[in-house]
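Engineer: sequence-free structure coming up:
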């Protein structure tokens, strides 16, 4: 029977109201304590429902069905059923519906803004409904199917719909909501959840993590924002809570989900329940928190960032009390080996410690994590990794790129994960301790994906608004190009969650900078909005760095202008540069098999002249800040130099590039050098190769980025992806006494294909593994390079115009194994020196730089090299200067710096 418009909508409204009242029924309190995470209220029917979601809502009224075409005597209808009762078969009429909307074919082009946003949606029919907002709101809270049928209502084709465009339009006001989550006050505690497609929402309250529910409250829906809210009398700080959300889940039916709050600021152990807290409460602040100040930074290019995992920092540090090892609290142990090392780094010029993920993670048990029993086996044995991997899902380690709740600190790093306040207080103590060391604190954030989606146990967002927070392909499958379920920060409320979260970390935890995992999967517009938000919250610039890689379903601007390398010009947001990295290390991060040996880098002593020239050119690209418009003497800009089919130069300002040769991803520098240095390389060769690579970072314009332990010859026993390789393969010894090379074959999942190449190298561990003297020598040589960088602003020029005016590459075409850069400090306040000349010689013999244009100056070695305590004596003992002719002899396998001192009126201020 064809229902009238009024009857159809009335039926739908009645169905939704009935569902809404269910939570107030006598059994509702029992639902709060029901086993499992979900209860199916109305299962989806077993008809031949489409297994794809190809149509898109473009806004509240417009739909696009790619591939669909109009035909005579056919029509398009939108069927709905509040209780998920839709069933259909080709050639038959739709069954089990509450009604249907007739849709009109739109001949006119869609508005330009929609055409731009949904340009990735394929050609097809564009449809329109004239239903009012109240009707549309109810429709989006039920099961929907878009059907192409003949004049008799028989199904020709059908699809489900991707609804983000409609929700963003209908509930645009939600982006201004200031009170999502739980907000305790002196007289009441307010709760709000954005769940526009939910049929009803209730709040379960608990006294603590394990107690049964004490109350359940039905929330009221706000039609303008799609959010649900209630207020409970009293300050509920410290109480636990969960949401009960009745919502249609495609493929399942109408489900009652038990779910934590995506805006949780605190959680019980293992994230089982959210906890109410006011982050401004005095009890959550360590002594002196409000009064303490973060270190200042004069310019973004002054950043020297040290990337560090909280657990790595102290897990194996015997000078830290056992209860604090691997915890936030270890950073406050003033006399530990790790803190002493941080002091050394700061004294040498490191400005920031960037912490690998410290938000709530899905992959580390917060209570009862397991320590594997690793056998004392041969250096090339597979027994160690077998022991580690046997308990990898239950052990205490993971990098943490598995976000569960974006706004709460991870509990496994707290002294007591069962105390929801401990993680907040101890996180702040860690930040306070680092600030006291004059080190700024950065966070590695992962807003590009979630650890789970759909009805999976660790899914949060998708169990509240199914189908909204993630990015889908043309058939409606969740995109996984990042590794996991890709989020869609082009959708208004996912972008809001990201912005709100970043502001929370800045405002409440004094975070000074952020590193964005896979930033290229996010819109540039969202990143610029985030920059404005965090700057306003901090009252100062908050530096944003990220991985601007261009790949996946968003590559080349397929869905929006990305926050990727080639698109960030003019934003001031820094992107990691792979140009010099790959030239120095050789090959690329995905190298496997024979390529691990064959793809030698600039520092590895190979003799391929053409490759050396190419690599030296890319090293100079990095030294010049990867600046798009930096012009070389031959007239070329860096953008005209090719790198893997794209312009080598991409940044418009040096603040937009991050220079590095090692980070947590892929093999450590030491390990890749094991593959690529000559087979007979001795300890000196390994030390020198490490320091030469670090020199390319220390001498480059832009932001310098160091992975923890790169200055200690850190090894992960050749592991190419240690994200879940346990403490065993990720450990650091700050004293240099123990070293990670030859601690067994690395874990099989990411390495077994290369075990045949690894075995003979690991078996030779007694020869390859450095001793403590070599580790500490490398440390001190590396820190000397950082001291040189800190000694003059010439290595940290703040804008492209100054880089162009002050940086030249003398002898660029003469010798690909000798790269030199000249920096003119005249007229620059705080330059420290009138001129600086740095040189990196990767050859096995002395190389001479002929630069007659630099003749006639009072050249001398940099004071760091001349100092009696200089870690590398070779510059002092073997470098030669012929100032009359402008000739500079550089010892083999050495990086060094010459300077012309300022005159009597010059200054030599260093540091920040």
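Structural biologist: Cool, got the structure. This one's a predicted model, so the numbers in the text were calculated from it and none came from an experiment.

Engineer: okay, CA-based contacts and neighbour counts for the rest of this
Structural biologist: Fine.

Engineer: tell me the mean pLDDT for stretch 482-492?
Structural biologist: The average pLDDT within stretch 482-492 is 97.

Engineer: quick one: the helices in the stretch 651-800 of the chain?
Structural biologist: Listed in chain order, the helices of the stretch 651-800 of the chain (DSSP state H, counting those that start in this stretch) span 669-676, 683-698, 726-730, 748-751, 755-763, 765-768, 772-791, 800-806.

Engineer: pull out the buried positions in the fourth one.
Structural biologist: It refers to helix 748-751. Buried residues in helix 748-751, counted by 16 or more other C-alpha atoms under 10 Å: 748, 751.

Engineer: let's have the helices of the stretch 651-800 of the chain in TSV, adding mean pLDDT and distance to residue 198.
Structural biologist: What follows is the helices of the stretch 651-800 of the chain, written out as TSV (pLDDT from 0 to 100; distance: least, C-alpha to C-alpha, whole Å):
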stretch	mean pLDDT	distance to residue 198
helix 669-676	98	50
helix 683-698	98	51
helix 726-730	98	40
helix 748-751	98	40
helix 755-763	98	51
helix 765-768	98	60
helix 772-791	98	55
helix 800-806	98	51
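
Engineer: reformat these as CSV; add distance to residue 340.
Structural biologist: Converted to CSV, these look like this (distance: least, C-alpha to C-alpha, whole Å):
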stretch, distance to residue 340
helix 669-676, 23
helix 683-698, 21
helix 726-730, 20
helix 748-751, 34
helix 755-763, 31
helix 765-768, 28
helix 772-791, 13
helix 800-806, 35
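
Engineer: residue 446: which of the ones you listed is closest?
Structural biologist: The closest approach between residue 446 and any of those, judged by C-alpha to C-alpha, belongs to helix 726-730 at 20.6 Å.

Engineer: chain center to the closest one: distance?
Structural biologist: Computed by C-alpha atoms, centre = their mean, to the nearest Å, the chain-centroid distance of helix 726-730 equals 21 Å.

Engineer: cool, and stretch 525-542?
Structural biologist: Taking the mean of its C-alpha atoms, stretch 525-542 sits 17 Å from the chain's own mean (C-alpha atoms, centre = their mean).

Engineer: rounded mean pLDDT for that stretch, please.
Structural biologist: Mean predicted confidence for stretch 525-542 is 98.

Engineer: burial of residue 665, as a residue count?
Structural biologist: Per other C-alpha atoms under 10 Å, the neighbour tally for residue 665 reads 14.

Engineer: roughly how far does it sit from residue 244?
Structural biologist: Separation of residue 665 from residue 244 (C-alpha to C-alpha, to the nearest Å): 39 Å.

Engineer: okay, which residue is most central for this structure?
Structural biologist: The chain has residue 517 as the residue nearest its centroid, 1.8 Å off, counting by C-alpha atoms, centre = their mean.

Engineer: chain neighbours aside, what residue packs nearest to that residue?
Structural biologist: Once flanking residues are discounted, residue 517 sits nearest to residue 446: 5.2 Å by C-alpha to C-alpha, 6 or more residues apart in numbering.

Engineer: look up phi and psi at residue 428.
Structural biologist: Phi and psi for residue 428, reported as degrees, to the nearest 10, are phi -60, psi -40.

Engineer: check contacts around it.
Structural biologist: For residue 428, the contact set (C-alpha atoms under 8 Å, 6 or more residues apart in numbering) comprises 285-286, 289, 509.

Engineer: and those residues, which two are furthest apart?
Structural biologist: The span of the contacts of residue 428, defined through C-alpha to C-alpha, is set by 286 and 509 at 11.4 Å.

Engineer: more neighbours: the two, which one.
Structural biologist: The residue with more neighbours, out of residue 286 and residue 509, is residue 509; 22 against 15, by other C-alpha under 10 Å.

Engineer: pLDDT value on residue 450, please?
Structural biologist: For residue 450, the predicted pLDDT is 98.

Engineer: and it, how far from residue 195?
Structural biologist: Residue 450 is 18 Å from residue 195, where distance means C-alpha to C-alpha.

Engineer: out of these two, which sits in the more crowded spot?
Structural biologist: Using other C-alpha under 10 Å as the criterion, residue 450 and residue 195 rank with residue 450 on top: 28 against 23.

Engineer: residues in contact with the more buried one?
Structural biologist: Listed by C-alpha under 8 Å, 6+ apart, the contact set of residue 450 reads 402-404, 459, 484-487.

Engineer: partners of it in the sheet?
Structural biologist: residue 485 (DSSP bridges).

Engineer: please, which helix or strand holds residue 514?
Structural biologist: Using DSSP states H and E, the element containing residue 514 is strand 513-516.

Engineer: any stretches of the stretch 751-900 of the chain with poor pLDDT?
Structural biologist: Residues of the stretch 751-900 of the chain that meet the criterion pLDDT under 70 are absent altogether.

Engineer: what do you get for the chain?
Structural biologist: Within the chain, the ranges that satisfy pLDDT under 70 run 1-27, 904-912.

Engineer: now do the closest residue to residue 340 other than its chain neighbours against residue 293, distance only.
Structural biologist: Leaving aside its sequence neighbours, residue 340 sits nearest to residue 334 (C-alpha to C-alpha, 6+ apart; 7.4 Å). Distance from residue 334 to residue 293, counting by C-alpha to C-alpha: 19 Å.

Engineer: and for residue 690?
Structural biologist: Shown here: residue 690 relative to residue 293, a distance of 36 Å by C-alpha to C-alpha.

Engineer: would you map the strands across the stretch 301-450 of the chain?
Structural biologist: Counting by DSSP state E, counting those that start in this stretch, the segments of the stretch 301-450 of the chain that form strands are 304-308, 352-355, 359-361, 403-409, 440-445, 449-450.

Engineer: got those strands as a markdown table, with distance to residue 430 columns?
Structural biologist: Formatted as a markdown table, the strands of the stretch 301-450 of the chain follow (distance: least, C-alpha to C-alpha, whole Å):
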| stretch | distance to residue 430 |
| --- | --- |
| strand 304-308 | 13 |
| strand 352-355 | 11 |
| strand 359-361 | 14 |
| strand 403-409 | 12 |
| strand 440-445 | 9 |
| strand 449-450 | 26 |
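
Engineer: buried deepest among those, which one?
Structural biologist: Highest mean neighbour count of those: strand 449-450, a mean of 28 (counted as mean count of other C-alpha atoms under 10 Å).

Engineer: for it, what is the distance to the chain centroid?
Structural biologist: 10 Å.

Engineer: how about stretch 372-379?
Structural biologist: Centre-to-centre, stretch 372-379 and its host chain are 33 Å apart (C-alpha atoms, centre = their mean).

Engineer: and stretch 55-71, which residues are buried?
Structural biologist: Buried residues in stretch 55-71 (16+ other C-alpha under 10 Å): 55-66, 68.

Engineer: other residues contacting that stretch?
Structural biologist: So stretch 55-71 is contacted by 54, 114, 118, 121-131, 133, 136, 146, 159-170 (C-alpha under 8 Å, 6+ apart).

Engineer: write the PyMOL selection for whichever of the residues you listed are buried.
Structural biologist: Selection of buried members from these for PyMOL, criterion 16+ other C-alpha under 10 Å:
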select buried, resi 54+118+121+125+126+127+128+129+131+136+146+159+160+161+162+163+164+165+166+167+168+170
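
Engineer: just the contacts of stretch 55-71: which are in helices?
Structural biologist: Members of the contacts of stretch 55-71 lying in helices (criterion: DSSP state H): 114, 133, 136, 164-170.

Engineer: what's the separation between the closest residue to residue 856 other than its chain neighbours and residue 903?
Structural biologist: Nearest residue to residue 856 in three dimensions, chain neighbours excluded: residue 884, at 5.2 Å (C-alpha to C-alpha, 6+ apart). Residue 884 is 19 Å from residue 903, where distance means C-alpha to C-alpha.
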